[in-house]
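Asker: Kindly return the folded structure for what I paste below:
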Amino acid sequence: MKKLYVLLFILGGVFATSAQNYLTVGQVYNFNVGDVFEAQSGYSEGGPPIYGLTIVLAKWYSVHSDTVFYKDSLVSYIPPACPPPCVGSFSTRIQTFSYTNLSSIAVQEGSYCPQTWDTLYNSALTSPYCGRKVWEVGPDTACWDSTGEAPVNNTFSSVVQGCGGPYYTIYTFDIINDIPYTEYYSLIYYKKNDTVCGLEYVITGINPVNQTVADFRVYPNPSNGLFNITFSHPELVSRSQAIEVYNVLGGKVYDEMLNQVQHDDEINLSAQPNGIYLYRVIAEDGSLLGEGKLVIQK
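Answerer: Presented below is the predicted three-dimensional model:
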């Protein structure tokens with residue numbers, strides 16, 4: 001049955017134009033190569049949320065420097081809707097996109113309803129965006145879509161300096177079933193240079209298993225496909241261990257024992273295409289010592 005509530009992919013509303021109340025396009029979409037962003041989206045109707053992790057791969061400008069171009073890699077992950085052995089699903093894509101008129105106001109367009117307020121503020125240092133400027137609008141007044149059938153209430157939308165957007169929450173109402181309805185798209189993690197904010201879920205695991213803490217690092221990351229793994233404490237590699245590497249579709253592409261005490265172990269993925277890979281370090285008793293992501297950029 002067709003629902004009679006409106007699903008707006010909200011891009012904002014009407015903004016005040018005073019100088020202190022806006023961010024520019026260039027401020028909001030100021031990404032750098034290596035930046036990582038993770039967003040979560042979902043609905044109150046049920047089902048698992050969708051996670052998307054984006055890594056910026058390239059950046060360049062137009063001749064007159066009024067347009068910036070980006071190439072990025074996106075991994076989307078949908079957790080399983082049932083307990084194990086059900087598994088989630090991954091998908092990946094690489095795209096090129098651009099933003100122009102970088103000095104203009106980063107207007108968030110698309111709302112059917114006029115916004116009652118907008119504000120520009122610095123977020124708290126710990127949450128949600130670790131001190132970055134946030135331009136937020138909403139809630140809108142209760143209003144109706146063009147059919148007059150679905151009320152839209154309390155729509156919030158925001159853009160974040162250097163982290164893009166819009167990110168939004170929509171509170172509306174299913175008038176057929178007489179229940180409230182929510183749709184959201186939220187930034188939950190970002191990494192820009194040495195700044196890390198939030199919790200990363202897509203690559204490190206939606207429901208991480210208990211694991212023995214191991215002090216090791218994998219480098220360089222990103223790389224052209226050749227990685228090294230180094231353990232800080234030799235006793236951690238004095239027993240048989242293995243590293244497993246999977247592509248985003250869940251296929252194992254590498255499996256190797258780690259037995260070289262006090263030496264680097266090379267992970268050779270040079271035959272694999274560009275993209276994001278998941279690795280797991282497994283002890284001889286089957287326990288998980290650590291996991292993370294590898295990025296191949298040739």
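Asker: Confirm for me that Glu200 is in contact with Ala39.
Answerer: No: taking contacts as Cβ atoms under 8 Å, Glu200 lies outside contact range of Ala39: 11.5 Å. To be clear about C-beta, it is placed using only N, CA and C from the backbone, and glycine gets the same treatment.
Asker: Just want to know which of these two has more residues nearby.
Answerer: Neighbour totals were compared for Glu200 and Ala39, and Ala39 leads with 23 against 18 (other Cβ atoms under 10 Å).
Asker: Give the bridge partners for the more buried one, please.
Answerer: Beta-bridge partners for Ala39, by DSSP bridges, are Gly52, Leu187.
Asker: which residues in the chain form helices?
Answerer: For the chain, helices defined by DSSP state H occupy the ranges 25-28.
Asker: Tell me, how many residues neighbour Asp194?
Answerer: Using other Cβ under 10 Å, Asp194 has 5 other residues around it.
Asker: ok so, going back, list residues touching both of Glu200 and Ala39?
Answerer: Here Glu200 and Ala39 have no joint contacts, going by Cβ atoms under 8 Å, 6 or more residues apart in numbering.
Asker: could you pull out the strands for the stretch 101-250 of the chain?
Answerer: 118-122, 133-137, 143-144, 151-160, 164-174, 179-192, 195-198, 216-219, 226-231, 241-247 (DSSP state E, counting those that start in this stretch).
Asker: Nearest to Gln27 among those would be which one?
Answerer: strand 133-137 (7.5 Å; Cβ to Cβ).
Asker: Parallel or antiparallel, which strands does that closest one pair with?
Answerer: For strand 133-137, pairing defined by DSSP bridges yields strand 118-122 (antiparallel), strand 151-160 (antiparallel).
Asker: any idea of the angle it forms with strand 164-174?
Answerer: 30 degrees (axes from the mean of the first three to the mean of the last three Cα atoms, to 10 degrees).
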